[in-house]
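*Asks:* Could you work out the structure for the sequence below:
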Amino acid sequence: MTQVTIDLISKPPRPGAPHELDAAKLETAIWRYKVGSILNVQEHSYTVENWQQIINQIQDAAAKTRLKIPVLYGLDSIHGADYVTGATLFPQVIATAATWNPELAQRAGEISAFQTRAAGVPWNFYPVLDIGRQPLWPRMWETFGEDVLLATEMGKAYMRGLQGNDIGAKDKVAACLKHYAGYSLPMNGQDRTPAWIDERTLRQYVLPTFEAGVKASVATVMLNSGEINGVPGHANDHLLTEILKQEWGFKGFVVSDWADVKRLHTRDRVADSPKAAVRMAVMAGVDMSMVPMDYSFYDAVLQSIKDGSVPMSRIDHAVRRILLVKFMTGLFENPRPDPAMQARFHQPEFDAANLEAVYESITLLKNGSVLPLAHERKILVTGPTANLWSALNSGWTITWQGDQEDLYPKESRRS
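*Replies:* Presented below is the predicted three-dimensional model:
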């Protein structure tokens with residue numbers, strides 16, 4: 001039930017050198033704290049070869065434990081395998097939504113899944129199915145827009161591309177719907193802040209995209225980092241257990257967002273201690289905690305079991321769901337990356353699909369008597385977003401904020 005970031009098990013980064021895990025820290029995580037999942041990158045993307053080395057080392061450590069349960073690694077491959085060096089980078093999904101073409105969304109999902117799985121990573125924290133209706137919200141570009149029907153159909157298509165008919169296939173990954181639910185409608189527009197949403201609005205605009213994803217057999221769901229009507233997303237039993245698991249029959253597992261279980265105590269003030277925050281989240285329906293920088297969740301769960309504040313049946317329930325997803329992704333049969341996929345990582349048809357998505361996403365917002373252009377006319381395109389890949393690609397691209405221009409592939413640059 002514990003998920004930690006790769007930073008916790010890594011050696012200090014060395015400029016220009018491949019990423020290296022710290023064997024002693026890795027053994028502590030896997031052997032001592034029974035960590036079930038690891039996520040993220042440290043600093044920036046890694047090559048396919050480096051990723052395969054990392055995943056093999058993690059699974060080697062897991063294979064030496066008593067039960068030999070493989071570790072589930074997860075990444076934010078949100079418009080391509082963003083954290084795998086040289087991957088095909090598609091338009092962000094707000095642009096994909098502008099194509100109105102579910103087939104393109106599915107193809108983007110397929111290619112993202114292939115290149116993510118080639119790195120040995122079987123879990124993608126995507127798609128975002130938050131509805132884009134708060135113009136002040138800074139993460140609008142991660143959504144499929146404001147229309148419920150369009151977002152539903154594009155989201156399902158993207159998810160089909162990621163998961164296919166067999167999540168355990170070598171070229172597929174487990175999808176993750178996020179951020180369940182209401183994350184994109186904060187009152188003040190700021191990220192991770194409160195929303196007030198009545199039940200009718202919730203049912204008509206916020207929940208349908210997620211329900212459709214669950215009905216389409218999504219493997220995992222990530223939670224809202226904010227709150228709805230005064231109830232934090234990570235303590236909302238009504239949404240997590242009553243609606244998601246019972247009403248909709250969700251079979252996969254629920255994962256927290258980054259450090260949000262702790263925030264029930266430190267920010268939301270609904271729990272009077274870190275241990276009480278863990279108990280509250282687990283009993284509300286959180287199955288896995290993205291802790292991610294320590295092992296406090298493990299310690300708190302263990303203490304809660306011993307004092308009876310969390311029943312063992314709830315732990316069994318969560319672990320059963322996590323193990324199911326690990327079986328679905330084929331980790332028990334093939335926990336290690338397929339070396340042969342390195343040679344097929346770059347394919348001309350990937351670039352062709354990307355170019356088609358770019359062309360179809362182009363949208364004319366207003367024509368002030370400029371179009372059609374006469375052959376002899378010229379247009380000056382200027383400003384920082386005109387020729388900076390970091391501005392054009394935005395977050396979750398090579399780095400967390402996608403802001404290191406020098407890391408973008410040189411061969412993709414145009415004069």
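
*Asks:* distance of Ser37 from Asp147?
*Replies:* Per CB to CB, to the nearest Å, Ser37 is found 34 Å from Asp147. Every C-beta, even on glycine, is put in place using the N, C-alpha and C of the backbone.

*Asks:* With neighbour numbers in mind, choose between those two.
*Replies:* For Ser37 versus Asp147, the count of surrounding residues by other CB atoms under 10 Å is larger for Ser37: 22 against 16.

*Asks:* The more buried one bridge partners, please.
*Replies:* Assessed by DSSP bridges, Ser37 has beta-bridge partners Gln3, Leu72.

*Asks:* Quick check, pLDDT for it.
*Replies:* The model reports Ser37 with a pLDDT of 98.

*Asks:* Verify the stated contact: it with Ala29.
*Replies:* No: contact between Ser37 and Ala29 fails when scored by CB atoms under 8 Å: they sit 10.4 Å apart.

*Asks:* any common contacting residues for these two?
*Replies:* Taking CB atoms under 8 Å, 6 or more residues apart in numbering as the criterion, Ser37 and Ala29 both touch Val4.

*Asks:* List the buried residues for the helix-or-strand element of the chain with minimal mean pLDDT?
*Replies:* Using mean pLDDT, DSSP states H and E, helix 389-393 stands out as the lowest-scoring helix or strand of the chain, at a mean of 90. By neighbour count with 16 or more other CB atoms under 10 Å, helix 389-393 contains the buried residues 389-390, 393.

*Asks:* what residue lies at the spatial centre of this protein?
*Replies:* Phe125 (1.6 Å; CA atoms, centre = their mean).

*Asks:* quick one, what contacts that residue?
*Replies:* Contacts of Phe125 by CB under 8 Å, 6+ apart are 39, 74-78, 176, 178, 222.

*Asks:* what pLDDT does it get?
*Replies:* Predicted confidence (pLDDT) for Phe125: 98.

*Asks:* One more: the one 5 residues further on?
*Replies:* Among the per-residue scores, Asp130 shows a pLDDT of 97.

*Asks:* just Arg413 next, same as before
*Replies:* You'll see Arg413 listed with a pLDDT of 48.

*Asks:* Same check on Ala374?
*Replies:* The model reports Ala374 with a pLDDT of 86.

*Asks:* neighbours of it, just the number please.
*Replies:* Neighbours around Ala374, by other CB under 10 Å: 6.

*Asks:* Check Pro127 too.
*Replies:* Pro127, neighbours per other CB under 10 Å, totals 31.

*Asks:* pretty sure it is in contact with Tyr180, am I right?
*Replies:* No: taking contacts as CB under 8 Å, Pro127 lies outside contact range of Tyr180: 12.0 Å.

*Asks:* if I look at Thr241, how far off is Val286?
*Replies:* Counting by CB to CB, the gap from Thr241 to Val286 is 10 Å.

*Asks:* Look at the two and report which has more neighbours.
*Replies:* Val286 (28 against 17).

*Asks:* Kindly confirm my reading that the more buried one is in a helix.
*Replies:* No: counting by DSSP: H, G, I helix; E, B strand; the rest coil, Val286 is not part of a helix but coil.

*Asks:* I figured it was touching Leu240, is that so?
*Replies:* Yes: counting by CB under 8 Å, Val286 does reach Leu240; the two are 7.0 Å apart.

*Asks:* Return every residue with contacts to both of the two.
*Replies:* Counting by CB under 8 Å, 6+ apart, the residues touching both Val286 and Leu240 are 223, 254.

*Asks:* where exactly do the helices run in the protein?
*Replies:* Ranges of helices in the chain, per DSSP state H, are 23-27, 48-63, 93-97, 102-118, 148-163, 199-201, 207-215, 237, 260-266, 274-284, 296-307, 312-328, 348-361, 389-393.

*Asks:* Show me how far the first one is from its chain's centre.
*Replies:* Between the mean C-alpha point of helix 23-27 and the mean C-alpha point of its chain there is a distance of 25 Å (CA atoms, centre = their mean, to the nearest Å).

*Asks:* Return the alpha-carbon coordinates of that helix using CSV.
*Replies:* Presented in CSV, the C-alpha positions along helix 23-27 are these (Å, rounded to 0.1, in the frame of the first residue of the first chain):
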residue,chain,number,x,y,z
ALA,A,23,21.3,-0.7,-3.6
ALA,A,24,21.1,-0.3,0.2
LYS,A,25,18.2,2.2,0.0
LEU,A,26,16.4,0.0,-2.4
GLU,A,27,16.7,-3.0,-0.1
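
*Asks:* name the helices or strands packed onto that helix?
*Replies:* Other helices and strands packing on helix 23-27, by 3 or more CB pairs under 8 Å, 6 or more residues apart in numbering; DSSP states H and E, are helix 48-63.

*Asks:* Now the helix it packs on: buried residues?
*Replies:* 48, 50-55, 58-59, 61-62.

*Asks:* Measure how far it is from the centre of its chain, please.
*Replies:* From the chain centre to the centre of helix 48-63 is a distance of 20 Å (CA atoms, centre = their mean).

*Asks:* same question, stretch 158-171
*Replies:* That offset, for stretch 158-171, works out to 15 Å (CA atoms, centre = their mean).

*Asks:* Next, the distance between the ends of it.
*Replies:* 14 Å (CA to CA, to the nearest Å).

*Asks:* same check, this time on stretch 249-269
*Replies:* 31 Å.

*Asks:* residue contacts, the residue nearest to Gln59 when sequence neighbours are not counted?
*Replies:* In space, and not counting its chain neighbours, Gln59 is closest to Pro335: 4.4 Å by CB to CB, 6 or more residues apart in numbering. Neighbouring residues of Pro335 by CB under 8 Å, 6+ apart: 59, 62-63, 70-71.

*Asks:* got it, and Thr99?
*Replies:* Neighbouring residues of Thr99 by CB under 8 Å, 6+ apart: 105, 357, 360-361.

*Asks:* I'd like the distance between the nearest residue to Glu153 once chain neighbours are set aside and Ala175.
*Replies:* Leaving out its chain neighbours, the residue that sits closest to Glu153 by CB to CB, 6+ apart is Pro102, at 5.3 Å. Taking CB to CB as the measure, Pro102 falls 15 Å from Ala175.
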